[in-house]
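Student: A predicted structure for the sequence below; I have some questions about it.
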Amino acid sequence: MKKAIQIPGAPAPIGPYSQAILSNDTLYVSGQIPLNPFTGELVLATIEEATHQILKNITALLTEANMQLSDIVKCSIFLTNMEDFAAMNAVYSSYFSDCPPARETVQVVKLPMNVSIEISCIAKK
């Protein structure tokens, strides 16, 4: 079973992909950027604010699939500047205090809409 998760509480895709795909008991969340889905505005003032916005978007998608942050087993984080790692990590860790998911963080040259961070994840019930 494969079901697309499309909700107004997360940014609409800017390409030919779904916000998330639920396959049996696993949710695959597409890369989320710091876009406020209600205003359509990018949240770019600081890496901390951007990280919070992304995790809010991910939480909304998880909720739609009857999951929560603790169900995330893997995250991939893309930064355009590894100098932002410590600040991003401080915010990220506040969302995953108990048994955080497996993760990699890599620096990339450019991200969609020229944002500084993108996060994707996999959650399993």
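Tutor: Structure received.

Student: Show me what counts as buried in the helix or strand of the chain with the lowest mean pLDDT.
Tutor: Lowest mean confidence among the helices and strands of the chain (mean pLDDT, DSSP states H and E): strand 2-5, at a mean of 93. Within strand 2-5, the residues scored as buried using 16 or more other C-beta atoms under 10 Å are residue 5. Every C-beta, even on glycine, is put in place using the N, C-alpha and C of the backbone.

Student: quick one, what contacts residue 5?
Tutor: By C-beta atoms under 8 Å, 6 or more residues apart in numbering, the contact set of residue 5 is 18-22, 27, 61, 64-65.

Student: Tabulate those residues (a markdown table), appending secondary structure, pLDDT and neighbour count.
Tutor: A markdown table is the format used below for the contacts of residue 5 (DSSP: H, G, I helix; E, B strand; the rest coil; pLDDT from 0 to 100; neighbours: other C-beta atoms under 10 Å):
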| residue | secondary structure | pLDDT | neighbour count |
| --- | --- | --- | --- |
| 18 | coil | 93 | 16 |
| 19 | coil | 95 | 22 |
| 20 | strand | 97 | 27 |
| 21 | strand | 97 | 16 |
| 22 | strand | 97 | 22 |
| 27 | strand | 98 | 26 |
| 61 | helix | 96 | 24 |
| 64 | helix | 95 | 17 |
| 65 | coil | 96 | 20 |
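
Student: coming back round to it: paired strands for the least confident helix or strand of the chain, with orientation please.
Tutor: Using DSSP bridges, the strands paired with strand 2-5 are strand 20-23 (antiparallel).

Student: Appreciated, that's everything.
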